[in-house]
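Visitor: Would you be able to build a 3D model of this:
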Amino acid sequence: MFLSKDRLGGLLLLIFCLIYAWQSQNIRLLPFQLNSAFHARTMPEMLAALGIGLSILIMIFPSNKERFTLSGLNWPLGLAFLVLMSIYGFTVRPFGFLLSTSLFLMVGFAMLGERNILKLLLVAVPLVVAFWALMNYGLSVFIEPLPFFLRGDGNA
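Guide: All right, here's what the predicted structure looks like:
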């Protein structure tokens, strides 16, 4: 059995899902949830089980017989995305979710080859605003939307 791209992807997915399943057990349950059928751990456990099953199937029945190789990959672009994600992680709190995530997506799309500024704005900004509204109003998960200098709460 040789290591193909599919098998390597399945192995990485399996490792991720096993760690995810292990970490899902750290979700605290309230006393009345201990014996309930559906609680805070249910969806993470189901997703982990589904991911483990699918990753095993990918490793057993790979569709591609091509050997895995690291040549031909765009390493500079991959490293540039790692730098971009690190910068995003440092800027999301001080600059707010809306600004930093919109800039992150626009720069990422530009790095992938999109050069039309209008298209970058019309895709990234509404997507970020919709996601923020879903999290804030739909799921009641507060994400600080604005930069610290525009918040007006006096906590700079």
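Visitor: now Gln25, nearest residue through space, not along the chain?
Guide: Nearest residue to Gln25, sequence neighbours excluded (Cβ to Cβ, 6 or more residues apart in numbering): Arg41, at 7.2 Å. (C-beta placed from N, C-alpha, C; glycine too.)
Visitor: what does Gly51 give?
Guide: Leaving out its chain neighbours, the residue that sits closest to Gly51 by Cβ to Cβ, 6+ apart is Cys17, at 3.5 Å.
Visitor: on that earlier part again, residues near the residue nearest to Gln25, how many?
Guide: 16 (other Cβ atoms under 10 Å).
Visitor: right, and it touches Leu29 too?
Guide: Yes: contact criterion Cβ atoms under 8 Å: Arg41 and Leu29 qualify, at 6.8 Å.
Visitor: tell me the domain ranges of the protein?
Guide: 5-60, 75-138 (automatic domain parsing).
Visitor: Select from these the stretch with the lowest mean pLDDT.
Guide: If the domains of the chain are sorted by mean pLDDT, domain 5-60 sits at the bottom with a mean of 89.
Visitor: Can you tell me the centre-most residue of the protein?
Guide: The chain has Met85 as the residue nearest its centroid, 10.9 Å off, counting by Cα atoms, centre = their mean.
Visitor: Only the buried residues of the strand or helix carrying Leu47, if you could.
Guide: Using DSSP states H and E, Leu47 maps to helix 42-60. Neighbour-count burial for helix 42-60, with 16 or more other Cβ atoms under 10 Å as criterion, is recorded at 44, 48, 51-52, 55, 58-59.
Visitor: buried residues in the next helix or strand after it?
Guide: Next helix or strand after helix 42-60 toward the C-terminus (DSSP H and E): helix 75-95. Of all the residues in helix 75-95, those buried under the rule 16+ other Cβ under 10 Å are 88, 91-92, 95.
Visitor: Put together TSV for those residues, with distance to Leu120 on each row.
Guide: Listed next are these as TSV, based on distance: Cβ to Cβ, whole Å:
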residue	distance to Leu120
Tyr88	16
Thr91	18
Val92	19
Phe95	18
